[in-house]
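Novice: Dropping the sequence and predicted coords here.
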Amino acid sequence: MKTSAPSTMDQSSTGKAVTRNLGELLWVQYPGHFNQALSKAIVSPETVGSRYLDHRISCYEPGAHVEAHVHKVQEQIYHVLSGEGVLIVDGERRLVRANDVTFIPPGVVHEFHCTGVETLVFLVITSPPTDNEPCI
């Protein structure tokens with residue numbers, strides 16, 4: 001798998017629609033993600049100039065995880081496409097697998113672990129895209 005730092009914005013936020021091909025995007029291991037917990041930023045302020053959301057696809061190899069963290073104002077949706085893992089939400093362990101969708105409101109501590117024998121693939125949708133200002 002190719003990995004690199006996040007790319008610069010493909011298009012400016014001029015109100016134009018943007019289409020991206022996942023095969024052309026590089027896998028990135030962001031801070032707080034460990035053991036081949038990789039993501040591709042599909043839609044974000046940096047990649048397409050979005051103002052209100054961040055959309056990523058993530059692939060976690062067995063044993064990979066993101067450490068416990070909390071967002072002040074961001075809402076997140078985790079949508080599992082394949083594989084299985086444990087999502088720990090405010091201390092509650094939840095086994096998740098393909099077709100499970102979890103909504104995580106602001107202020108909820110969460111972490112995600114790939115506990116299966118195959119790669120855990122999931123979408124992450126976050127709004128607003130940064131945690132330092134509310135979405136108005």
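Specialist: On my side now, so go ahead. Numbers count the residues shown, from 1 in each chain.
Novice: From the rest of the structure, what touches the helix or strand of the chain with the lowest mean pLDDT?
Specialist: Across the helices and strands of the chain, mean confidence by mean pLDDT, DSSP states H and E is lowest for strand 33-34: a mean of 94. Applying CB atoms under 8 Å, 6 or more residues apart in numbering, the external contacts of strand 33-34 come out as 39, 64-67. No exception for glycine: its C-beta is placed from N, CA and C like everyone else's.
Novice: Let's test this: what are the backbone torsions at residue 23?
Specialist: The phi and psi values for residue 23, taken as degrees, to the nearest 10, are phi -70, psi -20.
Novice: next one: residue 22
Specialist: Taking degrees, to the nearest 10 as the convention, residue 22 sits at phi -60, psi -30.
Novice: swap in the one 4 residues further on?
Specialist: Its backbone dihedrals place residue 26 at phi -90, psi 150, with angles given as degrees, to the nearest 10.
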